[in-house]
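J.: below: sequence and its predicted model.
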Amino acid sequence: MATADVKIYTSTAITWKPSGGTYAMSLHSLTTSSTAAWQGAKGDLGTPRGARMAVRVTTAFAATTSIAGQVLEVYWAGSPTSTAASDNPAGASGADAVYAGVVSAATAKPNLQFVGVLVAEAATTSQTADVGSFIPDFQYGMPIIVNLTAQSLATTTTAHAVTIYPIIDQIQASA
């Protein structure tokens, strides 16, 4: 009787950054105002793609006052089409821009896929967290970051990135 092993590996990373990433996401513009959420440009997770996606966020804050333990929430807005402004959930535009939802980011969040949180430390240096994973319903979509800290993000563009790692399950015959 032949047996098989399921091996798991991560595929090529997909990044959202202010510049130099796979897709654009200007997190250095994210403030603490009433519209304290930002969305990346609509991206392609590939086909075929991993059944799950691991998400890592790297960021830095403008100041350290009152941020320890506060969070950045990370969401995914999936879409069945590649067109930026088409078939997006919860008022997502598909563009690198402020995210305001249909009425507000706060009321739109339940209509997005929750991925996880980056828990802030009291530092202005770069902070990286593996915030969680999600199962993509569609090939296209965009990350959305909601700033629930008391500080704006640092204006240094190189300090921010959202990286998605496709998690691939591969069946191999046992030796």
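T.: Received it, and whenever you're ready, just let me know what you need. Residues are numbered from 1 along each chain as shown.

J.: contact partners for the residue lying closest to Asn147 once chain neighbours are set aside?
T.: Spatially, and ignoring its direct neighbours in sequence, Asn147 is nearest to Ala36 (4.2 Å; C-beta to C-beta, 6 or more residues apart in numbering). From N, CA and C alone the C-beta is placed, and that goes for glycine too. Ala36 sits next to Leu30, Ala105, Val146, Asn147, Leu148 when contact means C-beta atoms under 8 Å, 6 or more residues apart in numbering.

J.: among the residues you listed, which are in helices?
T.: If you go by DSSP state H, these have Ala105 in helices.

J.: quick one: which of the contacts of Ala36 sit in strands?
T.: Members of these lying in strands (criterion: DSSP state E): Val146, Asn147.

J.: how many other residues sit next to the residue nearest to Lys42 when sequence neighbours are not counted?
T.: Of all residues not flanking Lys42 in the chain, Gly94 sits nearest, at 3.7 Å (C-beta to C-beta, 6+ apart). Gly94 has 23 neighbouring residues, counting by other C-beta atoms under 10 Å.

J.: hmm, Gly94 is touching Ser79, no?
T.: Yes. The criterion here is C-beta atoms under 8 Å, and Gly94 meets it with Ser79 at 7.2 Å.

J.: which residues do the two both contact?
T.: Lys42, Ser86, Asn88, Met142.

J.: in this structure, where is pLDDT below threshold?
T.: 1, 33-35, 175 (pLDDT under 70).

J.: where do the helices sit along it?
T.: 105-108.

J.: most centrally placed residue in it?
T.: In the chain, the centroid-proximal residue (C-alpha atoms, centre = their mean) is Pro143; its distance is 3.7 Å.
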